[in-house]
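Participant: Turn this into a structure:
(2 chains)
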Amino acid sequence: MSATTRPATADAPFVRRILIGVALLFLAAFLLLPLLIIFTEAFTKGTAMYFAALREPDALAAVRLTLLVAAIAVPANTIFGLAAAWAIARFDFRGKTVLTTLIDLPFSVSPVVSGLVYVLLFGAQGWFGPWLRQHHLQVIFAVPGIVLATIFVTFPFVARELIPLLEAQGRDQEHAALSLGASGWQTFWRVTLPNAKWGLLYGIILCNARAMGEFGAVSVVSGHIRGQTNTMPLHVEILYNEYNFVGAFAVASVLALLALVTLALKSFIEWRSDHAI
Amino acid sequence: MSTASARRVIPGFGLTLGFTLLYLSLVVLIPLSATFLKTATLGWGKFWLLATAPRVLASLQLTFGTSLAAATLNLGAGLLVAWVLVRYRFPGRRFVDALVDLPFALPTAVAGIALTALYAKNGWIGAWLDYVGIKVAFTPLGIFVALTFIGLPFVVRTVQPVLEDLEPDFEEAAASLGATRWQSFRRVVLPALWPSLLTGFALAFARAVGEYGSVVFISGNMPMKTEITPLLIVTKLEQYDYAGATAIAVVMLLISFALLLIINLLQWWSGRRATTH
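Facilitator: Residues are numbered from 1 along each chain as shown, chains lettered A, B, ... in the order given. I've put the predicted structure just below:
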């Protein structure tokens, strides 16, 4: 009888088929169809309209702003992530657990609230509002506010990948390098960084995806000035609210492609680190 | 050699910890504290009046209700998907595994317009549901769909590693003692998975409570009916009602911190229960 020869952890074939079927149906409805409809809607009026929507000056300005914001926020949080991981994984000090929890804090704050805190600090009625106005500086409804809000929401990504990785790798290799006469910087560049490169890349990719795709926090501080303070996700919203669905889905399709590239790179890195050990 | 330098062979503690604390304070801690200080200037009576206004309470009820429902669906669906991905081999398994992270990688605004197009009255799924008299877009059901989408990866990703590390010994023992597959799943597998299931549930719930981008397109945004709390904060800000926005934001922050505490306790619990560490 097949039931007696089957291993104790295996399920009956019909159970297996039903479970796989239900799971795939659920994922198709919630993941695959949303992905497909973005591209279908973007191309409803043909490829010419699709590319015209992407070449529009406001769309190009949104792409440029998104790239600029990511180019500032991602390196800033990468440097922070490296410093935080070095301090937390290479030294013992009191309050380490509290510090690790505080680093994760931005993940549990609503994106809208993340934007609001900067409005309260730098807005016209905020703490530094009068001072900024006197010096003719604008943070809120301008690029600096968008950068700050993006840095806030992507704050933990690199640090939370690197801290457990560096902790798992231990300190022996650094001790060896230092005892052989390497300087601190040499040890960091030649030992720590090569060992942590895949984890670092993983964190940077996730950080970048969120930085380019953030909507709620950026929406609060942006002011939605076309061609000036609209990032790509905000541009999608404006086009959508103007019933320009082809335009909205065309810009959205570029962001969806970015998400797919992110997932592909993420899977590749996971596969690399599985096979490296 | 002094004892202090013997303990700290690795250099850079002061620099990296100093930079970490400075950056954390400037980007996260000071802006968040400013929000609480701003509320303190309102006074307790005014704060209470703003935070318990009927429109705020209605939005909180809606946000919590839909978040709870979505996290509950993800609890079951996440367990099913994790089970299918870990226990069964089928064509396209690696692709499905990578696709599960789509809600993390896809910008929320893009997810929002895609789900709206899918579930609108003339959409691919919406048309079928409309045929049987169910309206999804622009109703609380639409909010539930969006929150299910963005919370989907959490339970899968917390349960998956625990299920992978689960030794077959217990299930084999249960089977040899005469248990059916269902009995050994309920009495042996499920108890081992509970901490990770609850952690995933809490993470999905916490994410859903603060979610903005994917919800605003599909919800219809009617005050008292389909207006979520993060949207209410944005509305108040657009009306320059900073006191009102801040009062609601503080309520949301306190809820987030409470959830963060619960999640940390759950993770500590599942860490203790894990057999591999």
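Participant: what packs against the longest helix anywhere in chain B?
Facilitator: Looking across chain B with DSSP state H, the single longest helix is helix B:54-87. Secondary-structure packing of helix B:54-87 (3 or more CB pairs under 8 Å, 6 or more residues apart in numbering or on different chains; DSSP states H and E): helix A:13-27, helix B:93-99, helix B:140-165, helix B:190-210, helix B:229-238, helix B:242-273. (C-beta placed from N, C-alpha, C; glycine too.)
Participant: So which of the ones you listed is nearest residue B:38?
Facilitator: Closest of the helices and strands packed on helix B:54-87 to residue B:38 is helix B:242-273, at 5.1 Å (criterion: CB to CB).
Participant: The closest one to helix B:140-165, inter-axis angle?
Facilitator: 20 degrees (axes from the mean of the first three to the mean of the last three CA atoms, to 10 degrees).
Participant: Check which helices and strands helix B:242-273 sits against.
Facilitator: Using 3+ CB pairs under 8 Å, 6+ apart: helix B:242-273 touches helix A:96-104, helix A:111-122, helix B:30-42, helix B:44-51, helix B:54-87, helix B:190-210, helix B:229-238.
Participant: Dump the ones you listed to a markdown table, plus mean pLDDT and distance to residue B:164.
Facilitator: Shown next, in a markdown table, are the helices and strands packed on helix B:242-273 (pLDDT from 0 to 100; distance: least, CB to CB, whole Å):
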| stretch | mean pLDDT | distance to residue B:164 |
| --- | --- | --- |
| helix A:96-104 | 92 | 24 |
| helix A:111-122 | 95 | 32 |
| helix B:30-42 | 89 | 37 |
| helix B:44-51 | 92 | 44 |
| helix B:54-87 | 96 | 5 |
| helix B:190-210 | 93 | 11 |
| helix B:229-238 | 94 | 35 |
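Participant: Highest mean neighbour count out of those?
Facilitator: Mean neighbours per residue, mean count of other CB atoms under 10 Å in any protein chain shown, is largest over these for helix A:111-122, with a mean of 27.
Participant: what about dumping the CA coordinates of that one to CSV?
Facilitator: Taking Å, rounded to 0.1, in the frame of the first residue of the first chain, the C-alpha atoms of helix A:111-122 are listed here in CSV:
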residue,chain,number,x,y,z
PRO,A,111,5.1,56.9,6.3
VAL,A,112,2.7,59.8,6.7
VAL,A,113,3.9,60.4,10.2
SER,A,114,7.5,60.2,9.0
GLY,A,115,6.8,63.1,6.7
LEU,A,116,4.8,65.0,9.3
VAL,A,117,7.7,65.1,11.8
TYR,A,118,9.8,67.1,9.3
VAL,A,119,6.9,69.4,8.6
LEU,A,120,6.7,70.2,12.3
LEU,A,121,10.4,70.9,12.4
PHE,A,122,11.0,72.7,9.1
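Participant: rewinding a little: dump the helices and strands packed on helix B:242-273 into a markdown table; add distance to residue B:97 as well.
Facilitator: Below are the helices and strands packed on helix B:242-273 laid out as a markdown table (distance: least, CB to CB, whole Å):
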| stretch | distance to residue B:97 |
| --- | --- |
| helix A:96-104 | 25 |
| helix A:111-122 | 27 |
| helix B:30-42 | 36 |
| helix B:44-51 | 43 |
| helix B:54-87 | 6 |
| helix B:190-210 | 16 |
| helix B:229-238 | 31 |
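Participant: Which of the ones you listed sits closest to residue A:169?
Facilitator: helix A:96-104 (16.9 Å).
Participant: quick revisit: TSV please, covering the helices and strands packed on helix B:54-87 and showing distance to residue A:155.
Facilitator: What follows is the helices and strands packed on helix B:54-87, written out as TSV (distance: least, CB to CB, whole Å):
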stretch	distance to residue A:155
helix A:13-27	30
helix B:93-99	26
helix B:140-165	19
helix B:190-210	15
helix B:229-238	19
helix B:242-273	14
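Participant: related to what we said a few turns ago, distance from the longest helix of chain B to the middle of the chain?
Facilitator: 8 Å (CA atoms, centre = their mean, to the nearest Å).
Participant: same deal with stretch A:176-193?
Facilitator: With CA atoms, centre = their mean, you get 31 Å for stretch A:176-193.
Participant: hang on, the earlier thing: rank the helices and strands packed on helix B:54-87 by pLDDT, which is bottom?
Facilitator: Out of these, helix B:242-273 stands lowest, with a mean of 88 (criterion: mean pLDDT).
Participant: Residue B:221: what secondary structure?
Facilitator: coil (DSSP: H, G, I helix; E, B strand; the rest coil).
Participant: meant to ask about residue A:226
Facilitator: Going by three-state DSSP: residue A:226 is coil.
Participant: Can you pull the phi/psi pair for the nearest residue to it once chain neighbours are set aside?
Facilitator: Spatially, and ignoring its direct neighbours in sequence, residue A:226 is nearest to residue A:58 (5.1 Å; CB to CB, 6 or more residues apart in numbering or on different chains). When read as degrees, to the nearest 10, the backbone of residue A:58 gives phi -70, psi -40.
Participant: next one: residue A:127
Facilitator: According to degrees, to the nearest 10, residue A:127 has phi -60, psi -50.
Participant: Quick check, pLDDT for it.
Facilitator: Confidence score, pLDDT, at residue A:127: 87.
Participant: show me what contacts it?
Facilitator: Residue A:127 is in contact with A:120-121, B:34, counting by CB atoms under 8 Å, 6 or more residues apart in numbering or on different chains.
Participant: and with 10 Å instead?
Facilitator: Contact analysis of residue A:127 by CB atoms under 10 Å, 6 or more residues apart in numbering or on different chains lists A:120-121, B:30-31, B:34, B:37-38.
Participant: can you check residue B:12 too?
Facilitator: A:83, A:86-87, A:90-91, A:184-185, A:187-188, B:19.
Participant: Highest neighbour count among those residues?
Facilitator: residue A:86 (27 neighbours; other CB atoms under 10 Å in any protein chain shown).
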